[in-house]
Each structure stands twice: as structure tokens, then as C-alpha cells.
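Participant: Sequence and predicted structure below; questions after.
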Amino acid sequence: MSDITAGSAIREPYRHGQSGAHGHGLFPATGHGKGGPASKFVTVAYGFWIFLLSDIIMFSAFFASFAVLSQATAGGPTGKELFELNRIAAQTGLLLTSSFTGGLATLATHRRSIAATQFWLLVTGLLGAAFLFLEVQEFATMAHENAGPSRSAFLSAFFALVGCHGTHVGLGLLWLGTMMAQLWVKGFRPDLLRRLHCFALFWHALDIIWIAIFTLVYLLGASP
Amino acid sequence: MSDIESRIEEDLDRRDTAPGEESTTEHELAGGLSGYLLGFSLAILLTIASFLAAQTNLIYQPAVISALVVLAIAQMGVHLVFFLHITTGPDNTNNVLALAFGVLIVALVVIGSVWIMAHLNLNMAPMSAHQAEMMP
């Protein structure tokens, strides 16, 4: 059993989350109706996975409305005129690399190296911030060119979808900063490892949503 | 059941794997630093392929949409396997089932909306010039 879960026995003296009478040893088998509930690390991460999937379902509604409204430009500018694919390529590279360095941070937590974890988390955050900067810049340029969200249904759907993703990235950055501060103060506590793990899941999921955005919104919108 | 037998069964069935957690069986293709590196390079290749497919004439023009969708789904798969460590292993059953349900709902929402709205659009009565002038 990994030491990720080992701490929960101390934190849960009554072992509510663990098996009762049938348990052999500290952490007996889980799943398949045997041996009681899974460890807290697994249940927390699974709950967060359910949240992420429901978040993706929410995004699917934004994607559906964008797909329906993508031709409804009301005589205004189309995606082909507005989108700068160089910027999108840069954003894609930044977010993908940020997802990768987030993975490196996860690997560093396995080694229990605070310095490496903090370093890779910082790189992840900086890349995410650069991504967000490019996106805000794009939005500002579009709003300046009288192509804001109120111009047409297409632009409303565009700003809702891409802005929602940008908001997620922004909130993720806040979360990342909090995690770095907590890691600094508290070290690798079991609850912190769970939070870090959830953050890593969140960050990778955001990159998956960005794949759909750059393909369906930008590449399809700008293609001839 | 003897004590030894039940213990073996428990070892086999030791635990579920949290989503995103690497499976306890190491040295898998998708594990460790090499897994992240492999996933990263695959994702870069697929991204470049997407941009090439959209920006050049390498692909027969009407097929570009399908190519982009396939490339995007492939890249999502790469992310799921190499970054989120969602595998088909028995310890991952719960994670995969949740994902499958999520994908089902996403597909229903997106395909259903596009399908129905396209039909509604076709069935709209054409607007007369007078009505068009009345539009805000």
C-alpha cells in the first residue's frame, strides 16, 4: 500500500471510510463488494473524476450551442475573418506543455521532492498564465473590432464557450497558487497529496476540452 | 475457504485505482516519465497534423472535417491514457464506466442538438421582405 493512503488511518481513528469486521490488515481489498470501501485517496479522486465528467457535460452544452449558432453571424464578422491561427497554435502549445509539466509535477510528488514539485507546478502555472494572457488579448482585440459577444449569435456562443474554458483556466491558476502555498507550509500531508492529485486531474481535463475547442471552433471556423 | 486462498484473492483484488493514478503494475507503456514523454510527443504530432489538415490542401477538402474530428478524438485518447492514466485494467473499471457514461451524455447533447436544430432550421418559414425589415 502506498504511503499516500497510509496517513488516513491516523486521520480517521474510527475508520469510517475503511472496512469494519471483515478487514484483514489495514487496507483490505476494495471493490467487487469485498473488503469494504476503497481508500480515501481513491474515493476522493473518483468523486473528483465524476465532477470533471459533469463539467465536461456542461461544456458539451456550450459546444452544442456553438455548433448550432456557428453560421448565425447576422452579417457580422465570421470566424474566418476573426481567428488568428498563429495565436491559437501558440495557445495550444502552451497549454499542452503546461499539461505535460503538470504531469512532471505529479511524478515529483511520487518522489516526495518538494523542490521539484514546486518547480514544475510553477512552470505549469506560468505556461497557463501565458495561455490565459493570449486568450484575453484575443478577446480584447475582438471586442475592440466591434466583434464582442453582443454582435451576433455566433459571437455570443463563441465567447460563452471559449470564455468558460478561460475561466476554468483562471480558476485553475488560483487553485495552483493555493496548492503551492499549502505545499510550502504543510509539506506532503496525505490530504495535500489528494488535493494535488485532484488539481492534476483538473488541469489535464482542461487540456482535453481545449483540444475540442481548437479543433471545432478555431480550425473548422477558419478553414476555407 | 482457507486463509491462504482468501489472502491470495485479496492480493489480486487489492484495490481500485484512483483516476489519474498510475496503476500498481509498473513498467507499463503509459507509466512514469517515459509515459508522459510519449504522450507529450504523440499529442504534439496530432496537433501538428490537425493544423496541417486544416491549413493546407494535403487532404481532400470535403474530408477535412472528418479528419479533424478523428485527430481530435485520437488526441483526447492520448491524453486519457498517458496523462490521466485511464486504462482498461480491472482496477480502473469504475473510472472507465463513469467516463463511458459521460461520453454517452456528451454525444447525446451535441449530436442531438445539431440534428434537431438543423431540422428546425430547414422547417422555418422563409421570412418575407417586410418581416425582415421588422427585425430588430
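Facilitator: Happy to help now that I have it.

Participant: Which parts of chain B are helices?
Facilitator: Counting by DSSP state H, chain B has helices at residues B:3-12, B:32-55, B:64-78, B:93-123, B:129-134.

Participant: Same list, the ones you listed, but as CSV with distance to chain A please.
Facilitator: C-beta coordinates here come from the backbone N, C-alpha and C atoms, glycine included. Converted to CSV, the helices of chain B look like this (distance: least, CB to the nearest CB, whole Å):
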stretch, distance to chain A
helix B:3-12, 4
helix B:32-55, 4
helix B:64-78, 4
helix B:93-123, 4
helix B:129-134, 12
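
Participant: Redo these as a markdown table? Include mean pLDDT and mean neighbour count.
Facilitator: A markdown table is the format used below for those (pLDDT from 0 to 100; neighbours: other CB atoms under 10 Å in any protein chain shown):
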| stretch | mean pLDDT | mean neighbour count |
| --- | --- | --- |
| helix B:3-12 | 45 | 12 |
| helix B:32-55 | 93 | 18 |
| helix B:64-78 | 94 | 18 |
| helix B:93-123 | 92 | 14 |
| helix B:129-134 | 74 | 8 |
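
Participant: With A:Val68 as the reference, name the closest of those.
Facilitator: helix B:93-123 (4.3 Å; CB to CB).

Participant: now the closest one and helix B:64-78, what's the angle there?
Facilitator: 160 degrees (axes from the mean of the first three to the mean of the last three CA atoms, to 10 degrees).

Participant: buried sites along the helix ranked longest in chain A?
Facilitator: For chain A, the longest helix by residue count, based on DSSP H, is helix A:153-186. Neighbour-count burial for helix A:153-186 flags A:153-162, A:165-166, A:168-169, A:172-173, A:175-176, A:179-180, A:183 (criterion: 16 or more other CB atoms under 10 Å in any protein chain shown).

Participant: These: which ones sit near chain B?
Facilitator: Residues of those in contact with chain B (CB under 8 Å from any CB of the partner chain): none.

Participant: quick one: low-confidence parts of chain A?
Facilitator: Applying pLDDT under 70 to chain A flags the ranges A:1-36, A:224.

Participant: In terms of helix, strand or coil, where does A:Phe59 fall?
Facilitator: Here A:Phe59 is recorded as helix under DSSP: H, G, I helix; E, B strand; the rest coil.

Participant: May I have the residues that are in contact with the nearest residue to it once chain neighbours are set aside?
Facilitator: If the residues on either side of it in the chain are set aside, A:Phe59 comes closest to A:Ile209, at 5.5 Å by CB to CB, 6 or more residues apart in numbering or on different chains. Shown in contact with A:Ile209 (CB atoms under 8 Å, 6 or more residues apart in numbering or on different chains): A:56, A:59, A:165, A:168.
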